[in-house]
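K.L.:
here are the coordinates; sequence isn't available:
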């Protein structure tokens, strides 16, 4: 389990969650996506359910959560969860506006990829939408490929749901 990983990128630390971090993940997703895209309670509820699912399996050695921190404050997050014996899921990648374009998303993705390989996953999958332009570029740079698309019929009507995968 990663406890702390120091980076030269603007004094960023990638660490395991501390008390309050799971609530922060739900809060920042709810606020950011409501402001940016108008995604309200439905989306925040999805993120909260992901947190509950993660915490229900907290003792599992087949998942991980990483928090990027600058000056003692969380600025980013990512989770790895088990889908099956060979397949891990990337969940809740987020980097605060104030910390974007500093390579923090790359640090988070790399910590997750390292853990996924350590666990023994053969493939990773993730879900995003077509309007997550920066995240999609990060996924592409990390070797993920778009494998399917479908119209979003829930909280993000008018956007396209995308499934991405990466072989490990």
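P.N.:
Nice, thanks for sending it over. Bear in mind that the values here come from a model prediction, so they are computed numbers and not experimental data.
K.L.:
residue contacts, the closest residue to residue 40 other than its chain neighbours?
P.N.:
What sits nearest to residue 40 in space, not counting adjacent residues and going by Cβ to Cβ, 6 or more residues apart in numbering, is residue 34, at 5.4 Å. Yep, even glycine has a C-beta here, placed from its N, CA and C like the rest. Shown in contact with residue 34 (Cβ atoms under 8 Å, 6 or more residues apart in numbering): 40, 43, 44.
K.L.:
Tell me where the model's unsure across the protein.
P.N.:
Along the chain, segments meeting pLDDT under 70 span 1-10.
K.L.:
just the helices in it please.
P.N.:
21-37, 41-56, 104-119, 133-141 (DSSP state H).
K.L.:
Nearest to residue 71 among those would be which one?
P.N.:
helix 104-119 (13.0 Å; Cβ to Cβ).
K.L.:
what separates that closest one from the chain centre, distance-wise?
P.N.:
The chain centre lies 10 Å from the centre of helix 104-119; the measure is Cα atoms, centre = their mean, to the nearest Å.
K.L.:
Burial check on residue 146, number of neighbours?
P.N.:
Neighbourhood size, residue 146 [other Cβ atoms under 10 Å]: 14.
K.L.:
Would you quantify the distance from it to residue 168?
P.N.:
17 Å (Cβ to Cβ, to the nearest Å).
K.L.:
Could you do residue 92 as well?
P.N.:
From residue 92 to residue 168 the distance is 20 Å (Cβ to Cβ).
K.L.:
When the two are compared, which one has more neighbours?
P.N.:
residue 92 (19 against 15).
K.L.:
Show the end-to-end separation of stretch 61-79, please.
P.N.:
Stretch 61-79 has an end-to-end distance of 13 Å (Cα to Cα, to the nearest Å).
K.L.:
So which bits of that stretch are buried?
P.N.:
Burial within stretch 61-79, assessed by neighbour count using 16 or more other Cβ atoms under 10 Å, is assigned to 62-70, 74-79.
K.L.:
I'd like the distance from it to the chain centre, please.
P.N.:
9 Å.
K.L.:
Adjust the sequence numbering to begin at 110 for everything that follows.
P.N.:
Shifting the count to begin at 110 puts that one at stretch 170-188.
K.L.:
contacting residues around the residue lying closest to residue 217 once chain neighbours are set aside?
P.N.:
Closest residue in space to residue 217, ignoring its immediate chain neighbours: residue 187 at 4.2 Å, by Cβ to Cβ, 6+ apart. Contacts here follow Cβ under 8 Å, 6+ apart; on that basis residue 187 touches 174, 175, 199, 200, 201, 202, 203, 217, 218, 220, 221.
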